[in-house]
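>>> quick one, fold the following:
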Amino acid sequence: MRPPVDPAPHCQDDVARVHGERPVVRVAAPTELRHPLSTDLDLMSTRDVLGLINDVDRGVPAAVAAVLDDLSVAVELAVEALRSGRRVHYFGAGTSGRLGVLDAAELPPTYDAPAGWFCAHLAGGAEAMARAVENAEDDEAAGRAEALSCVHPGDIVLGLAASGRTPYVLGALRAARELAAETVLLCADPAAAAADEVRVFLGVDTGPEVVTGSTRMKAATAQKLVLNSFSTAVMVRLGRVYSNFMIDMVATNAKLRGRMISMLMDATGCDEETSRRTLAEADGEVKPALVALVSGARVADARAALARSAHQVRGALALLAS
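Down below sits the predicted model:
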């Protein structure tokens with residue numbers, strides 16, 4: 001016989017019975033609670049399972065929207081740190097940590113971000129990317145030691161923890177504060193106790209998962225959206241985007257080399273032959289080719305203007321127009 005479903009799923013994991021009589025209250029992260037719509041998940045058809053997951057996922061962007069004001073503060077802190085020669089560090093465990101590794105890994109080919117700008121630290125090390133490393137996330141001392149070994153004053157440390165209380169992540173954040181680094185915590189618990197320990201708190205209220213405690217679902221989706229938005233906005237503010245074009249991407253294959261030509265044509269209105277010729281004169285670098293085509297200046301003059309404007313395209317164009 002199927003056991004009865006508790007009509008109050010939020011009480012699951014909150015109260016335990018000791019000796020059969022006295023309740024002991026335990027505070028559970030929202031991601032550990034049961035979702036009221038999925039208590040019969042194993043009885044549903046495949047299509048209904050997929051439909052429920054999709055319906056529940058629709059609330060994630062709205063939850064992310066609620067933290068955008070605080071996220072903008074984190075972006076400005078990161079921009080300031082990188083302009084000052086400092087770095088951005090991601091510290092995470094499990095799915096959260098893997099998403100940090102993924103975000104950091106994609107920035108060099110997408111925006112030609114220097115390898116040291118974004119540094120990802122995963123509980124359990126590289127081995128934990130492919131499989132779970134037992135107890136790694138519970139090691140606060142390891143997070144602290146990792147931060148002490150690489151974080152410097154003025155850096156920004158962004159902790160990634162679905163529950164908001166992962167010891168490895170908290171150890172890194174606490175060490176970062178001692179080192180006079182800026183600290184940010186991204187989690188799926190708006191009431192996380194560690195909120196008071198960081199400069200910027202991003203508590204995305206994604207609520208219970210369709211599969212109880214499976215934070216690779218909504219919580220991870222929210223973290224991916226936040227990290228995408230965070231790092232993209234940082235790259236935009238640092239001038240690595242012109243209009244909505246990735247002008248610092250690294251062309252490592254034929255598709256990307258073709259994208260460079262299309263980008264120049266779309267951004268400048270020049271024909272393909274002119275765009276190809278100017279890109280070749282610029283040794284395959286989009287920025288000087290773009291500035292030269294938009295301003296009508298020589299590539300050499302475009303390079304000089306970029307150097308004088310901290311490699312900002314609009315700044316270089318303003319210099320050439322003055």
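
>>> ok, now which ones touch Arg165?
Listed by Cβ atoms under 8 Å, 6 or more residues apart in numbering, the contact set of Arg165 reads Ala29, Asp189, Ala192, Ala193, Ala194. All C-beta atoms are positioned from the backbone trio N, CA, C, and that covers glycine.

>>> and stretch 131-142, how far apart are its ends?
Length of stretch 131-142, first residue to last, Cα to Cα, to the nearest Å: 18 Å.

>>> residues making contact with it?
Residues contacting stretch 131-142 (Cβ under 8 Å, 6+ apart): 93-94, 123-125, 127-128, 166-171.

>>> 10 Å - rerun?
92-94, 96-97, 121-128, 143, 145-146, 161, 163, 166-172, 174-175 (Cβ atoms under 10 Å, 6 or more residues apart in numbering).

>>> state the mean pLDDT of that stretch.
Taken as a whole, stretch 131-142 has an average pLDDT of 90.

>>> now do the buried residues in that stretch.
For stretch 131-142, the neighbour count (16 or more other Cβ atoms under 10 Å) marks Val133, Ala136, Glu137, Asp139, Glu140, Ala142 as buried.

>>> do the same with stretch 66-86
Applying 16+ other Cβ under 10 Å to stretch 66-86 flags Val67, Asp70, Leu71, Ala74, Val75, Leu77, Ala78, Val79, Ala81, Leu82, Arg86 as buried.

>>> and which of these is nearest Arg277?
Leu82 (33.7 Å; Cβ to Cβ).

>>> which residue packs closest to the closest one, ignoring adjacent ones?
In this structure, Leu82 finds its nearest non-sequential neighbour in Trp117, 5.8 Å apart by Cβ to Cβ, 6 or more residues apart in numbering.

>>> about what we covered before: switch the buried residues of stretch 131-142 over to TSV; also include distance to Gly154.
Converted to TSV, the buried residues of stretch 131-142 look like this (distance: Cβ to Cβ, whole Å):
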residue	distance to Gly154
Val133	31
Ala136	28
Glu137	27
Asp139	26
Glu140	24
Ala142	24
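
>>> what two of those are the furthest from one another?
Top of the distance list for the buried residues of stretch 131-142 (Cβ to Cβ): Val133 and Glu140, 15.3 Å.

>>> tell me the phi and psi of Ala251?
The phi and psi values for Ala251, taken as degrees, to the nearest 10, are phi -80, psi 90.

>>> for the nearest residue to it once chain neighbours are set aside, what are its contacts?
Nearest residue to Ala251 in three dimensions, chain neighbours excluded: Arg257, at 4.5 Å (Cβ to Cβ, 6+ apart). By Cβ under 10 Å, 6+ apart, the contact list for Arg257 reads Ala251, Leu279, Gly284.
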